[in-house]
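Chemist: Sharing a model prediction with you, sequence too.
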Amino acid sequence: MVVLVTALQAEFPGFAKLLSRKVGPAKIGHFLLGTWFAVFLAMFVRYWAVDHLYHGDGKFNKYPLEVAARTCGVTAVMLLGLLLLPASKSSPVLRAAGSSWESAVWIHIMLGVLFLTATCGHVVLFLARFAEMGYLSDIIPFNAAFFYPQNPVGGKTPSDNWTVPMMSAVFWPSLVCFGIFPWFRRRNYELFRYSHYMSVILVPAVLWHATNAWYFVLPGVLLWTVDRVVRLCGACEGVQVQEMEPLEAAVATTTITTTEEAQETKKKQKKPTPAERVTKVAFTWPGQARTHSPSMFVVVNFPQISLNEWHPFSLSSSPLDSTATIHVKDMGEESFSGRLHKLALAASNLPRGVVMNVQGPYGSRVNLHESQEVVLVAGGIGITPMVSALRCAVQQGLRAKHSKLRRLRLVWVARSPGVFDMFAKELSIQAAGLPFPVEISLFCSSCSCSSPEDGSGAGILGPITASRPNFQQIFEKESPGGEQLLVLACGPAAMVAECEKAAHSASADFEDWSFVL
């Protein structure tokens, strides 16, 4: 399947764009992949449930519960092998298919849910089988005195009398660790991340329990192991922090009128909004030479904050810059980003400076020069990969490397006009000599141009529109003659969904650069 997709992409450049088109809620590529996998899974289950002879002579095949339990078990092993393939950040399988780890996380999640479902089916059906045979004591979890007859009709010779209790001891903690809900993962990412290391125990236990599991699991295990070794070596590379700057912008206040005051006093009150804080970190490291495309991200660690916390952030620097840069939004005083902001405030007082470790970069290749018209849409801190893309396009344009690109526009929506000034240095471009025009459109979603104290109307980067953008009008304006238009978006989910709908309505190609781990 991977080889076929890769060959079609190489032979027909428009094939990848066709796969990214949406039909209803799903992309065409996702629909085709899901259809292929559903057919494969159905054929796989049918073989093990109908055609396979268990234990050579098929002596277990006459017992429906036995066959169903073993079919669920072998299906779970197969799914375990598949879900390990997209788990590697540097997976050659994903790279061959023209995809990347962050865009394939949904596949890993989907396979994980199916794996847990098949595993639970395996456990429940075998418990029912034990009850059918009269071995009720073996239903007790962690029962070390497990006896399973070689011959279901009779006999007392035990079979696998120790791997089943071993799997019981591993399965129940694994069910808790891998069945964590998405809301918990986003609020407690570190706990979610380290609980996933339960797989280091689960996989060897599965190989011991099911002797034929190795040819399903081994390829994914090898890829994951190599990826971990490469990432460990990358984390040992020397990183020099060149600049660490705490940035802050006051958010425009919103006028609020309560019902009682509107009826009685008609007075308006101002509700203060916390300032937006962003930490800019500029650093040099050997991995900058491996940053071959905008939209790539790195996984960073600051030992002065925590020895074991690693967090992904998009690079806001161009691949052609000599210094790599990330911008991290402060999400609260007790969060990792909040502690990073405090570290930046105290950086000048640290005797040894700021220590930083970096893994990466990761991400897929983006070719802006393949499109005639490109619109970059950013919401809030989603500007970081767009800054990288804009700077890269301008630098390549000055070097005459963009043969098709005729126009580039950045549309940025933020809550406060002060946020735009945080990136004034990065977005200050040299327009002279560019073979295509560059336009930056700024929109403030929570301020009013008629109120001078809001500070809206104009900024360092140019005029600011005090409203939300109309993406439909913007995209139709950018391609009035049916030119090839590419829309790239990163930001809040609602904004990205609105942007995607408008892009497809305008017959434009769309790519979502937002990802949730």
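Modeler: Yes, it's here. Given the structure is predicted, the values throughout are model-derived calculations rather than measurements. Numbers count the residues shown, from 1 in each chain.
Chemist: Correct me if wrong: residue 303 contacts residue 355.
Modeler: Yes - with contacts counted by CB atoms under 8 Å, residue 303 reaches residue 355, the gap being 5.1 Å. Backbone N, C-alpha and C define where each C-beta goes, glycine included.
Chemist: anything in contact with each of those two?
Modeler: With contacts defined as CB atoms under 8 Å, 6 or more residues apart in numbering, no residue is shared by residue 303 and residue 355.
Chemist: any idea how far residue 128 is from the nearest residue to residue 167 once chain neighbours are set aside?
Modeler: Using CB to CB, 6 or more residues apart in numbering and skipping the chain neighbours, the partner closest in space to residue 167 is residue 209 (4.8 Å). Separation of residue 209 from residue 128 (CB to CB, to the nearest Å): 19 Å.
Chemist: Counting neighbours, go ahead and name the busier of these two.
Modeler: Using other CB atoms under 10 Å as the criterion, residue 209 and residue 128 rank with residue 209 on top: 18 against 14.
Chemist: so what's the more buried one up against?
Modeler: Counting by CB under 8 Å, 6+ apart, residue 209 touches 160, 163, 164, 166, 167.
Chemist: before we move on, what about residue 469?
Modeler: Contact criterion CB under 8 Å, 6+ apart gives 411, 413, 441, 443 as the residues in contact with residue 469.
Chemist: Wasn't the first one part of a helix?
Modeler: Pointing back at residue 411 there. No - if the criterion is DSSP: H, G, I helix; E, B strand; the rest coil, then residue 411 is strand and not within a helix.
Chemist: beta partners for it?
Modeler: residue 377, residue 441 (DSSP bridges).
Chemist: how near is residue 427 to residue 112?
Modeler: Here the distance between residue 427 and residue 112 works out to 40 Å (CB to CB).
Chemist: what about the two, which has more around it?
Modeler: When residue 427 and residue 112 are compared for neighbours, residue 427 comes out ahead with 23 against 17, by other CB under 10 Å.
Chemist: check which helix or strand covers residue 327.
Modeler: Secondary structure assigned from DSSP states H and E places residue 327 in strand 324-329.
Chemist: quick one: buried residues of whichever helix or strand comes after that strand?
Modeler: Past strand 324-329, further along toward the C-terminus, the next helix or strand under DSSP H and E is helix 336-345. Using 16 or more other CB atoms under 10 Å as the test for burial, helix 336-345 gives 336, 337, 338, 339, 340, 341, 343, 344.
Chemist: what sits against the residue lying closest to residue 190 once chain neighbours are set aside?
Modeler: Closest residue in space to residue 190, ignoring its immediate chain neighbours: residue 309 at 5.8 Å, by CB to CB, 6+ apart. Counting by CB under 8 Å, 6+ apart, residue 309 makes contact with 190, 301, 302, 336.
Chemist: same deal with residue 430?
Modeler: The contact partners of residue 430, taken as CB under 8 Å, 6+ apart, are 394, 398.
Chemist: Residue 422 versus that one, what's the distance?
Modeler: Counting by CB to CB, the gap between residue 430 and residue 422 amounts to 20 Å.
Chemist: Helices along the stretch 401-517 of the chain, start to end?
Modeler: For the stretch 401-517 of the chain, the helices defined by DSSP state H, counting those that start in this stretch occupy 417-422, 424-427, 471-478, 493-505.
Chemist: Can you tell me which of those helices is most buried?
Modeler: Among the helices of the stretch 401-517 of the chain, the stretch with the highest mean neighbour count (mean count of other CB atoms under 10 Å) is helix 417-422, at a mean of 22.
Chemist: Next one: the residue nearest to residue 286 when sequence neighbours are not counted from residue 288, what distance?
Modeler: Spatial nearest neighbour of residue 286, chain neighbours left out: residue 237 (4.9 Å); criterion: CB to CB, 6+ apart. The spacing between residue 237 and residue 288, counted by CB to CB, is 10 Å.
Chemist: Looking at the two, which one has more neighbours?
Modeler: Counted by other CB under 10 Å, residue 237 and residue 288 do not tie: residue 288 has more neighbours, with 19 against 12.
Chemist: Assign the more buried one to one of the three secondary structure states.
Modeler: Here residue 288 is recorded as helix under three-state DSSP.
Chemist: Give me the helices and strands touching the strand or helix carrying residue 35, please.
Modeler: Remark: residue 35 resides in helix 28-46, with elements defined by DSSP H and E. With contacts taken as 3 or more CB pairs under 8 Å, 6 or more residues apart in numbering; DSSP states H and E, helix 28-46 sits against helix 14-20, helix 64-83.
Chemist: and it, what's its mean pLDDT?
Modeler: Across helix 28-46, pLDDT averages out at 82.
Chemist: so that helix versus helix 64-83, what angle?
Modeler: In this structure, helix 28-46 runs at an angle of 140 degrees to helix 64-83, with axes from the mean of the first three to the mean of the last three CA atoms, to 10 degrees as the basis.
Chemist: and the gap between residue 78 and residue 226?
Modeler: Distance from residue 78 to residue 226, by CB to CB: 21 Å.
Chemist: neighbour count winner among these two?
Modeler: Set side by side, residue 78 and residue 226 show unequal neighbour counts under other CB under 10 Å, the larger going to residue 78 at 23 against 14.
Chemist: residues in contact with that one?
Modeler: Under the criterion of CB under 8 Å, 6+ apart, the contact list for residue 78 reads 44, 216.
Chemist: Now with 6 Å, please.
Modeler: Listed by CB atoms under 6 Å, 6 or more residues apart in numbering, the contact partners of residue 78 are residue 216.
Chemist: pLDDT below threshold where in the stretch 151-300 of the chain?
Modeler: Of all residues in the stretch 151-300 of the chain, those with pLDDT under 70 make up the ranges 151-162, 179-189, 250-274, 291.
Chemist: In it, mark out all the helices, start to finish.
Modeler: 163-178, 182-187, 189-195, 199-209, 214-235, 259-264.
Chemist: per-residue confidence averaged over stretch 127-135?
Modeler: Across stretch 127-135, the average pLDDT comes to 78.
Chemist: buried set for it?
Modeler: Within stretch 127-135, the residues that qualify as buried are 127, 129, 130, 133, 135, counting by 16+ other CB under 10 Å.
Chemist: CSV for those, including secondary structure and distance to residue 385?
Modeler: Putting these into CSV (DSSP: H, G, I helix; E, B strand; the rest coil; distance: CB to CB, whole Å) gives the following:
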residue, secondary structure, distance to residue 385
127, helix, 49
129, helix, 53
130, helix, 54
133, helix, 59
135, coil, 58
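Chemist: Nearest to residue 499 among the residues you listed?
Modeler: residue 127 (49.6 Å; CB to CB).
Chemist: any idea how far residue 475 is from the closest one?
Modeler: 57 Å.
Chemist: just how off-centre is stretch 219-236 within its chain?
Modeler: Relative to the centre of its chain, stretch 219-236 is centred 19 Å away, using CA atoms, centre = their mean, to the nearest Å.
Chemist: hmm, who's touching it?
Modeler: For stretch 219-236, with CB under 6 Å, 6+ apart as the criterion, the contacting residues are 81, 84, 85, 87, 88, 90, 91, 357, 359.
Chemist: biggest separation within these, which pair?
Modeler: The most distant members of the contacts of stretch 219-236, if one measures by CB to CB, are 81 and 357, lying 31.3 Å apart.
Chemist: comparing the helices and strands packed on helix 28-46, which gets the lowest mean pLDDT score?
Modeler: Looking at these, the lowest mean pLDDT belongs to helix 14-20 (a mean of 52).
Chemist: Once you drop chain neighbours, what's closest to residue 491?
Modeler: With CB to CB, 6+ apart as the measure, residue 379 is the residue that lies nearest to residue 491, at 2.3 Å, once sequence neighbours are left out.
Chemist: same question, residue 305
Modeler: Nearest residue to residue 305, sequence neighbours excluded (CB to CB, 6+ apart): residue 339, at 4.9 Å.
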